[in-house]
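Chemist: Okay, predicted coordinates and the sequence, questions at the end:
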Amino acid sequence: MSRPARQPDRTEVTGPEQTDVYDVYEPDPHRARGVTVALVHGGFWRERYDRTHLGPLAEALARDGFHVANLEYPRTGMPGGGWPGTATALLATLAAVRADTDLPDPLVLVGHSAGGHLVTWLASEGRVPDLLGAVGLGPVADLTTADRLHLGDDAARAFLGGTPDEVPDAWAAADPARQRSTAPVALVSGEHDDVVPPEVAHAYAATRTDDDAPASTATARGADHVDLIDPEHPAYLLVLAEVEELTLH
């Protein structure tokens, strides 16, 4: 989480809130693949975690030829944060990324932890047209399972404003596992992840039907939750392979 990274090539402000922003990391022009990767950070949707800890991953993906947009969003307790504000703001920032003429149109989403929930949600119900796909890393992709396991000290309840019985409509609207996926989804879990165990990704995959876009799960051997975003851990090669696979479809 504290590994240093270079500064982004530019930062774009998209609105009046401090979270209306994204950082851009550009590849060497000779290695550019013509694909944009939009990163969405985790932290159980809580205010104290922001996009800066994905800087090393953004730098690595740019080094491997991708244009990278590291997105910020409002978290629980912040202006515009919680449900549905977080999702609405993230959609607006992503629209700004799509309108950025210096970023290639082909788009892959990559999200870690709570960001894995958000990118899986974005890959559902046609919310992001022409999306190549989404990669969730240690993703909170199935909110029912996350709640049963009390992940993050019931972080999903704080994010959604209550229990599933208290705010059932919010839980239904926010849970990718209850929605139709319209872009391919690849979920990568760490073998030793005890923050968001692999069973959460498997629970999401089990909800997919023939009407959904393809979904896959993979396990990064020897990896824990944070290793999944560490470009110096062997898990990075699996993450890179999953992103590359989506660009081939």
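Modeler: Yep, it's here. Numbering: from 1, shown residues only.

Chemist: Helices of the chain, start to end?
Modeler: Assigned helices in the chain, in chain order: 55-63, 85-99, 114-122, 143-148, 155-160, 168-174, 198-206, 235-247 (criterion: DSSP state H).

Chemist: and the ones you listed, which is most packed in?
Modeler: Of all these, helix 114-122 has the most neighbours on average by mean count of other CB atoms under 10 Å, namely a mean of 29. C-beta coordinates here come from the backbone N, C-alpha and C atoms, glycine included.

Chemist: can you tell which of the helices of the chain is closest to residue 106?
Modeler: Proximity to residue 106 (CB to CB) singles out helix 235-247 among the helices of the chain, at 6.8 Å.

Chemist: tell me the angle of the closest one relative to helix 55-63?
Modeler: For helix 235-247 against helix 55-63, the angle by axes from the mean of the first three to the mean of the last three CA atoms, to 10 degrees is 50 degrees.

Chemist: Can you name every helix or strand that helix 235-247 contacts?
Modeler: Packing contacts for helix 235-247, counted by 3 or more CB pairs under 8 Å, 6 or more residues apart in numbering; DSSP states H and E, involve helix 55-63, strand 107-112, strand 131-137, strand 185-190, strand 215-220.

Chemist: mind putting those in a markdown table, mean pLDDT and distance to residue 98 included?
Modeler: Formatted as a markdown table, the helices and strands packed on helix 235-247 follow (pLDDT from 0 to 100; distance: least, CB to CB, whole Å):
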| stretch | mean pLDDT | distance to residue 98 |
| --- | --- | --- |
| helix 55-63 | 98 | 18 |
| strand 107-112 | 98 | 7 |
| strand 131-137 | 98 | 10 |
| strand 185-190 | 98 | 19 |
| strand 215-220 | 98 | 23 |
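
Chemist: Residue 54 contacts residue 112, correct?
Modeler: Yes: look at residue 54 against residue 112 with CB atoms under 8 Å: they come within range, at 7.0 Å.

Chemist: So between the two, which is more surrounded?
Modeler: Neighbours were tallied for residue 54 and for residue 112 using other CB atoms under 10 Å; the higher tally belongs to residue 112 (31 against 26).

Chemist: circling back: tabulate the helices and strands packed on helix 235-247 (CSV), appending distance to residue 235.
Modeler: Shown next, in CSV, are the helices and strands packed on helix 235-247 (distance: least, CB to CB, whole Å):
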stretch, distance to residue 235
helix 55-63, 11
strand 107-112, 11
strand 131-137, 8
strand 185-190, 7
strand 215-220, 4
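
Chemist: Out of those, flag the one nearest residue 35.
Modeler: Among those, the nearest to residue 35 by CB to CB is strand 107-112 (6.4 Å).

Chemist: quick one: low-confidence ranges for the chain?
Modeler: 1-2, 249 (pLDDT under 70).

Chemist: ok so, going back, looking at the helices of the chain, which is nearest to residue 135?
Modeler: helix 235-247 (4.9 Å).

Chemist: tell me the angle of the closest one relative to strand 185-190?
Modeler: 170 degrees.

Chemist: could we number from 25 for the rest of this?
Modeler: From this message on, residue numbering opens at 25, which makes the last subject helix 259-271.

Chemist: export helix 259-271 as CSV, just CAs?
Modeler: Output of helix 259-271 as CSV, limited to C-alpha atoms (Å, rounded to 0.1, in the frame of the first residue of the first chain):
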residue,chain,number,x,y,z
ALA,A,259,0.4,-12.0,-9.1
TYR,A,260,0.9,-9.0,-11.4
LEU,A,261,1.6,-11.3,-14.3
LEU,A,262,-1.8,-12.9,-13.8
VAL,A,263,-3.5,-9.5,-13.6
LEU,A,264,-1.7,-8.4,-16.8
ALA,A,265,-2.7,-11.6,-18.6
GLU,A,266,-6.4,-11.1,-17.6
VAL,A,267,-6.3,-7.5,-18.9
GLU,A,268,-4.6,-8.6,-22.1
GLU,A,269,-7.2,-11.4,-22.6
LEU,A,270,-10.1,-8.8,-22.5
THR,A,271,-8.4,-6.7,-25.2
